[in-house]
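Asker: fold the following.
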Amino acid sequence: MHAEKGRHQTLEETIDFLASTRTQPASDRRSYWNATISRHCGVFGMEFPESPFEGTFDAREVAGLKFARIRQSSNHLFRTQDMIAGCEVDAHFLICQIAGHCRLTQMDRTLELKSGDV
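Answerer: Numbering: from 1, shown residues only. A predicted model of the protein is given here:
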């Protein structure tokens, strides 16, 4: 949604996509989440917790840049060389760990992020 000329966009007007696993039965949440992340960020593998999984994804575009805020109970994301090679778009990610912790693995490199890390 675009704001009228000369009018500032509010937060609600900049949301392009919002998804939540809470809209899905618990048995479908992992596959729904994988599809959501893949559609917007490319293919990632995830390790899910044994407990019920929850995630929210809200994507917005501001000044031509695409941003996503991802909240999830999975704390390990990974991308293999094949996953990266299969992406149609050459994307760059800036990850700001706002809360909790996360482990990211891409190819053979692993990064542990904690709250406040970029």
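
Asker: residue 30 belongs to a helix?
Answerer: Yes. Residue 30 forms part of a helix when assessed by DSSP: H, G, I helix; E, B strand; the rest coil.

Asker: the closest residue to residue 55 other than its chain neighbours and residue 27, how far apart?
Answerer: Nearest residue to residue 55 in three dimensions, chain neighbours excluded: residue 72, at 3.7 Å (CB to CB, 6 or more residues apart in numbering). C-betas here are computed from N, CA, C, even on glycine. Residue 72 sits 17 Å away from residue 27, going by CB to CB, to the nearest Å.

Asker: neighbour count: the two, which is higher?
Answerer: Higher neighbour count among residue 72 and residue 27: residue 72, with 19 against 8, using other CB atoms under 10 Å.

Asker: residues in contact with residue 23?
Answerer: Not one residue lies near residue 23 by CB atoms under 8 Å, 6 or more residues apart in numbering.

Asker: do residue 81 as well
Answerer: Contact analysis of residue 81 by CB under 8 Å, 6+ apart lists residue 107.

Asker: relative to residue 52, how far out is it?
Answerer: For residue 81, the distance to residue 52 equals 32 Å [CB to CB].

Asker: got it, and residue 76?
Answerer: Going from residue 76 to residue 52 by CB to CB gives 17 Å.

Asker: after the worst-scoring helix or strand of the chain on mean pLDDT, next one along is what?
Answerer: Considering only helices and strands, the least confidently modelled element of the chain by mean pLDDT, DSSP states H and E is helix 11-14, at a mean of 47. Downstream of helix 11-14, the next assigned helix or strand under DSSP states H and E is strand 15-20.

Asker: which residue packs closest to residue 110, ignoring adjacent ones?
Answerer: residue 103 (6.3 Å).

Asker: what sits against that neighbour?
Answerer: Counting by CB under 8 Å, 6+ apart, residue 103 has contacts 75-77, 110-113.

Asker: residue contacts, the most centrally placed residue in the chain?
Answerer: Closest residue to the average C-alpha location of the chain: residue 70 at 4.3 Å, with CA atoms, centre = their mean. When contacts are counted by CB under 8 Å, 6+ apart, residue 70 touches 37, 55-57.
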